[in-house]
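*Asks:* coords please:
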Amino acid sequence: MKTWQYKHPKHWSRSEVLDWIFWSIENENLDASRMRGEAFQNIDGVQLCEMTVEKFLQKEPNYGAILFQILSSLIHKLKNQLLWEFLYDALKNPGYNPRFLKWENEVEGIFRFVQSEMMANVWGELKNNENMNYEKLSRAMRHYYRRGILERVEGRRLVYKFSRNAIEKLKLRSK
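*Replies:* Numbering: from 1, shown residues only. Down below sits the predicted model:
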């Protein structure tokens, strides 16, 4: 399991940094035999996030610039991802679904939190907010009712529904 996927990069352990590097090399169809992975073995997420493109190139002349770009894109995406997009992505991710939240009816866009505090912690970690809890997360979700992105599911605790409009936006995003 790629545990680094569920955290902001600055919270990665040394082994998660290495896992991400080798996953990135494989994902980009690059030649792993040309990679100097040992150069990153003592770097944790905080150190990785502080590295410049020059530092990446010093450690890894062949793929340093590519790794820097992948990391920069990942951080940018996490920083700009909206809560409702995060929840939808989590529902599509077997690392979260069904352990932390799950579909009640995927066709209708209805989902339920299984471990609400854990999901709030993950969201808080991604957004660098260590004080995040489910109460704050659910308050933020209520703002999406007025915007027509989420709908209340009456009489059901911890259950929400994506609007048709939101589902269409998400389908367009993935094309």
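
*Asks:* CA only for contacts and neighbour counts going forward, please
*Replies:* Noted.

*Asks:* in this protein, which helix or strand is least confident?
*Replies:* The least trusted helix or strand in the chain, going by mean pLDDT, DSSP states H and E, turns out to be helix 164-173, with a mean of 84.

*Asks:* phi and psi next, for F162.
*Replies:* Here is the backbone geometry of F162 (degrees, to the nearest 10): phi -80, psi 140.

*Asks:* which one is N97 nearest to, not counting chain neighbours?
*Replies:* The spatial neighbour of N97 that comes closest, neighbours along the chain excluded (CA to CA, 6 or more residues apart in numbering), is L91 at 5.3 Å.

*Asks:* and stretch 35-51, end to end?
*Replies:* End-to-end distance for stretch 35-51: 18 Å, by CA to CA, to the nearest Å.

*Asks:* give me the contacts around that stretch.
*Replies:* Here stretch 35-51 makes contact (CA atoms under 8 Å, 6 or more residues apart in numbering) with 9-18, 21-22, 59-60, 62-63, 71.

*Asks:* ok, now stretch 17-34?
*Replies:* 2, 4, 37, 40-41, 43-45, 48, 62, 67, 70.

*Asks:* how about stretch 136-143?
*Replies:* Contacts with stretch 136-143, where a contact means CA under 8 Å, 6+ apart, come from 83-84, 120, 150.

*Asks:* ok, now with 10 Å
*Replies:* 83-84, 116-117, 119-121, 123-124, 134-135, 149-152, 158, 160 (CA atoms under 10 Å, 6 or more residues apart in numbering).
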